[in-house]
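[1] Build the 3D model from these lines:
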Amino acid sequence: MPPEKESQPAPVLTERAGHAARVPLVAIVGPTASGKSALAMRLAGQLRGEILVCDSTQVYRGFDIGTSKPSEADRRAVRHHLLDLVDPGDVFTAGDFRHHAMSALAEVRQAGRLPILTAGTGLYLRALLEGLAAAPLRSEDLRERLRRSAERRKPGYLHRVLARMDRAAAARIAPRDTPKLIRAIEVCVLSGKPISEVHKAERPALEGFRAIKIGLTPPRTKLYERIERRTMEMLEHGWIEEVRGLVARGVPPNAKAFSFIGYAALRAHVHEKGELRAVIPAIQQATRRYAKRQMTWFRKEPGVRWYEGFGDDAAISQQVLSAVRRELETAGGAAAGADAAV
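    Residues are numbered from 1 along each chain as shown. Modelled structure (predicted):
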């Protein structure tokens with residue numbers, strides 16, 4: 001059969017709310033390995049789009065294979081934003097992401113292209129679309145004191161401290177989730193308010209864009225099978241060699257990026273020269289658990305249109321393409337009506 005004939009790219013349209021133009025923004029959400037990137041590539045090719053990667057791991061330079069960064073071929077075919085922003089040891093927050101994403105959106109808008117987000121990190125997507133509470137900046141001195149205190153005391157110490165400061169926040173954070181516990185205590189101490197109260201404060205939402213949210217929810221069994229295959233493919237494509245190179249370049253073991261799934265285990269394997277066959281199942285299990293946490297988060301995201309399949313499935317991608325086109329046509333009609341009324 002001849003290949004599918006691609007139609008002409010559609011122009012990016014705006015709709016008007018009062019006197020402010022709003023640009024459609026497509027946000028693709030879903031668990032790791034669900035095909036978000038493949039779907040984004042299809043939409044970008046058909047709809048004159050550029051891709052904004054909404055992922056807390058892909059902002060780090062040098063950590064490529066294990067974070068599933070887009071290939072060089074994909075980056076040449078479609079412009080990608082928000083990749084390789086910081087060095088492995090740097091701290092990068094949701095607020096940092098919002099700052100970079102706002103700049104990237106301005107570039108895409110100026111170019112008259114359709115912004116397409118591939119969102120694997122739900123907090124980053126929420127930070128961009130809904131804004132962030134005015135929480136205080138980090139205090140490395142306070143954080144270090146909290147870490148040392150936790151090491152000297154019995155397990156659960158930080159959770160007990162937070163419970164005295166903010167019972168509602170402690171109920172939401174697991175006793176072993178040290179990074180979140182430290183941040184919550186830090187906010188309470190620096191702001192003089194419970195973190196739950198700080199998070200309720202008004203936060204500026206994204207203006208000038210209207211989000212079209214697309215969700216991918218593949219069958220769990222098939223998703224887990226794909227995760228297991230992808231882990232093996234990453235190893236075949238040089239993941240261990242990448243880790244060796246990072247170690248050789250002097251990236252410290254406590255660098256933030258070495259906490260990503262698989263990297264710490266492979267670094268230990270490289271250092272200790274242990275059995276790789278014992279590491280692989282642990283990486284696959286950690287990835288499955290991460291996918292489950294992602295779905296738990298994204299199912300709470302309002303306004304998502306869900307598709308039960310993978311983004312690289314031809315039928316699913318065609319359904320999404322048709323739905324997004326209808327949304328763009330609706331936006332175009334709304335803009336024409338508003339202009340006629342002015």
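[2] which one is D84 nearest to, not counting chain neighbours?
    Excluding its sequence neighbours, the residue lying closest to D84 (Cβ to Cβ, 6 or more residues apart in numbering) is R61, at 4.6 Å. To be clear about C-beta, it is placed using only N, CA and C from the backbone, and glycine gets the same treatment.
[3] List the residues that contact that neighbour.
    Going by Cβ atoms under 8 Å, 6 or more residues apart in numbering, R61 touches 84-88.
[4] who wins for neighbours among these?
    Most neighbours among these, by other Cβ atoms under 10 Å: P88, with 18 neighbours.
[5] Quick check: chain neighbours aside, which residue is closest to H81?
    Per Cβ to Cβ, 6+ apart, closest to H81 is A104, 3.9 Å.
[6] residues near that neighbour, how many?
    When neighbours are defined as other Cβ under 10 Å, A104 has 20 of them.
[7] again, but for P253
    Counted by other Cβ under 10 Å, the residues lying close to P253 total 12.
[8] cool, and W306?
    14.
[9] Assign it to helix, strand or coil.
    Using DSSP: H, G, I helix; E, B strand; the rest coil, the structure places W306 in strand.
[10] Where does the prediction get shaky in the stretch 51-200 of the chain?
    Applying pLDDT under 70 to the stretch 51-200 of the chain flags the ranges 133-137, 199-200.
[11] If we use 50, what do you get?
    Along the stretch 51-200 of the chain, the model assigns pLDDT under 50 to no residue.
[12] And the helices in it?
    Listed in chain order, the helices found in the stretch 51-200 of the chain under DSSP state H, counting those that start in this stretch are 72-77, 94-110, 122-130, 140-152, 157-165, 167-172, 178-191, 195-199.
[13] Tabulate those (JSON lines), appending distance to R22.
    As requested, these are exported to JSON lines (distance: least, Cβ to Cβ, whole Å):
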{"stretch": "helix 72-77", "distance to R22": "28"}
{"stretch": "helix 94-110", "distance to R22": "11"}
{"stretch": "helix 122-130", "distance to R22": "13"}
{"stretch": "helix 140-152", "distance to R22": "40"}
{"stretch": "helix 157-165", "distance to R22": "40"}
{"stretch": "helix 167-172", "distance to R22": "33"}
{"stretch": "helix 178-191", "distance to R22": "33"}
{"stretch": "helix 195-199", "distance to R22": "27"}
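[14] Could you identify which of those helices is most buried?
    Comparing those by mean neighbour count (mean count of other Cβ atoms under 10 Å), helix 122-130 ranks first with a mean of 21.
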